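*Asks:* predicted model follows, preceded by the sequence.
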Amino acid sequence: MGLVTSTEMFKKAYEGHYAIGAFNVNNMEIIQGIMRAGAEERAPLILQVSAGARKYAGQNYIMKLVEAALMEDDLPVVIHLDHGPDFDLCKACIDGGFSSVMIDGSHLPFEENIAVTRRVADYAHERGVWVEAELGQLAGVEEHVSAEHSVYTDPDQAVEFVQRSGCDSLAVAIGTSHGAYKFKGEAKLDFARLDKITALLPGYPLVLHGASSVPQEFVDMANKYGGKLGGAKGVPEDMLRQAARSGVCKINIDSDIRLAMTAYIRRHLAEHPEDFDPRAYLKPAREAVREMVQHKIKHVLGCSGKA
């Protein structure tokens with residue numbers, strides 16, 4: 001099926017009350033693990049690339065890895081720029097073959113956020129590319145994106161923003177946060193706010209960032225074999241499932257992939273200190289990614305069998 005835009009994917013997700021997983025990719029093993037999980041579950045996928053991942057791996061390398069993956073598995077796949085910081089990077093990704101981009105002007109004043117989003121949307125739509133934007137701010141740190149405090153999305157502003165900016169989907173802030181340290185106490189998401197936004201924007205696809213669950217098994221394994229991840233805590237999976245039934249069509253997952261890979265690499269090297277072939281420890285790490293993504297697709301996102 002090859003690369004697609006999010007249009008039909010999100011329409012089906014909205015109507016079916018499920019979400020599509022947007023999994024951050026950095027290298028071959030992560031892409032393989034995600035794609036194998038998607039193939040086994042016959043699920044649509046979004047492979048998203050942050051500015052940092054693009055700089056680390058190189059845009060051409062990532063695009064060719066995705067191209068190779070699509071030769072192996074016939075799935076609907078979106079290649080998406082995550083947290084594009086400005087028009088120029090969005091343009092470079094659009095020109096380079098991405099089927100979706102996010103312009104993140106959430107740190108800007110309202111009018112400036114609208115203006116930069118409008119500029120990206122105009123350029124992208126002429127080329128058939130989907131545009132995601134963000135209104136409100138998530139606390140936490142993810143590469144170049146950081147904020148000390150959350151600024152929740154105002155439902156009325158969300159309507160105006162969508163109408164004036166021309167964005168195709170909107171990332172909303174309802175209590176999630178970036179990184180592996182999301183909550184100090186009990187996890188809380190503002191579902192009343194989400195429901196109001198959904199009611200004001202019927203049929204419109206919303207996005208949830210900072211939505212990794214930070215599985216304790218990976219935290220414990222990493223710590224057992226030399227890691228220092230005290231206090232890491234994510235979004236409970238039942239809350240993510242509730243969001244998927246409430247107008248959220250795309251759920252971003254990044255930290256869980258990092259934790260799965262790191263935990264299994266740490267364990268392998270601790271148990272096999274004689275190994276120095278990267279394939280020896282990247283193989284179980286890749287399998288850990290596959291298992292984790294497959295679990296998310298089947299039990300959290302609800303998109304198994306939707307390809």
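*Replies:* Here it is on my side, so go on.

*Asks:* from here on, just use CA atoms for contacts and neighbour counts.
*Replies:* Fine.

*Asks:* can you list the low-confidence ranges for the chain?
*Replies:* By pLDDT under 70, the weakly predicted segments of the chain are 1, 139-150, 178-185.

*Asks:* and the residue nearest to the spatial centre of the chain, what element?
*Replies:* Centroid-nearest residue in the chain, with Cα atoms, centre = their mean: residue 252, separated by 2.5 Å. Using DSSP states H and E, residue 252 sits in strand 248-253.

*Asks:* can I get the helix or strand following that strand in PDB? Just the C-alpha atoms.
*Replies:* On the C-terminal side of strand 248-253, the closest following helix or strand by DSSP H and E is helix 255-271. Extracted in PDB, the C-alpha atoms of helix 255-271 (Å, rounded to 0.1, in the frame of the first residue of the first chain):
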ATOM      1  CA  SER A 255       9.600   7.000  25.600                       C
ATOM      2  CA  ASP A 256       8.300   3.400  25.800                       C
ATOM      3  CA  ILE A 257      10.300   2.500  22.800                       C
ATOM      4  CA  ARG A 258      13.500   4.000  24.300                       C
ATOM      5  CA  LEU A 259      12.900   2.200  27.600                       C
ATOM      6  CA  ALA A 260      12.200  -1.200  25.900                       C
ATOM      7  CA  MET A 261      15.400  -1.000  23.800                       C
ATOM      8  CA  THR A 262      17.600   0.300  26.600                       C
ATOM      9  CA  ALA A 263      16.300  -2.200  29.200                       C
ATOM     10  CA  TYR A 264      17.000  -5.200  27.000                       C
ATOM     11  CA  ILE A 265      20.400  -3.900  25.800                       C
ATOM     12  CA  ARG A 266      21.400  -3.400  29.400                       C
ATOM     13  CA  ARG A 267      20.300  -6.800  30.400                       C
ATOM     14  CA  HIS A 268      22.000  -8.500  27.500                       C
ATOM     15  CA  LEU A 269      25.300  -6.800  28.100                       C
ATOM     16  CA  ALA A 270      25.200  -7.500  31.800                       C
ATOM     17  CA  GLU A 271      24.400 -11.200  31.200                       C
END
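
*Asks:* from residue 230, how far off is residue 90?
*Replies:* 36 Å (Cα to Cα, to the nearest Å).

*Asks:* ugh, wrong one, I meant residue 223
*Replies:* Distance of residue 223 to residue 230, computed by Cα to Cα: 8 Å.

*Asks:* these two: who's more crowded?
*Replies:* Between residue 223 and residue 230, residue 223 has the larger neighbour count (other Cα atoms under 10 Å), namely 16 against 10.

*Asks:* can I get the host helix or strand of the more buried one in CSV? Just the C-alpha atoms.
*Replies:* Applying DSSP H and E as the criterion places residue 223 in helix 216-224. What follows is helix 216-224, C-alpha atoms only, in CSV (Å, rounded to 0.1, in the frame of the first residue of the first chain):
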residue,chain,number,x,y,z
GLN,A,216,7.3,-0.5,35.1
GLU,A,217,8.8,-3.7,33.8
PHE,A,218,11.2,-1.8,31.5
VAL,A,219,12.1,0.7,34.3
ASP,A,220,12.8,-2.1,36.7
MET,A,221,14.9,-4.0,34.2
ALA,A,222,16.9,-1.0,33.3
ASN,A,223,17.5,-0.1,36.9
LYS,A,224,18.4,-3.7,37.8
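
*Asks:* would you mind pulling up the elements that that helix packs against?
*Replies:* Here helix 216-224 touches helix 255-271, going by 3 or more Cα pairs under 8 Å, 6 or more residues apart in numbering; DSSP states H and E.

*Asks:* just checking, what packs against the helix or strand that comes right after the helix it packs on?
*Replies:* Tracing the chain C-terminally past helix 255-271 and defining elements by DSSP H and E, one meets helix 278-295 next. Here helix 278-295 touches helix 28-41, helix 255-271, going by 3+ Cα pairs under 8 Å, 6+ apart.

*Asks:* work out the gap between the first one and the centre of the chain.
*Replies:* For helix 28-41, the distance from its own C-alpha centre to the chain's C-alpha centre is 15 Å (Cα atoms, centre = their mean, to the nearest Å).

*Asks:* now do the phi/psi pair for residue 101.
*Replies:* Main-chain torsions, residue 101, degrees, to the nearest 10: phi -140, psi 150.

*Asks:* quick one, helices of this protein?
*Replies:* Remark: helices assigned in the chain by DSSP state H are 7-16, 28-41, 51-57, 59-72, 87-95, 110-125, 155-165, 191-200, 216-224, 237-244, 255-271, 278-295.

*Asks:* what's the closest of those to residue 177?
*Replies:* helix 255-271 (11.1 Å; Cα to Cα).

*Asks:* contact partners of the lengthiest strand in the chain?
*Replies:* In the chain, assigned by DSSP state E, the strand with the most residues is strand 77-84. Residues outside strand 77-84 that contact it (Cα atoms under 8 Å, 6 or more residues apart in numbering): 2-6, 44-51, 90, 93, 98-104, 145.
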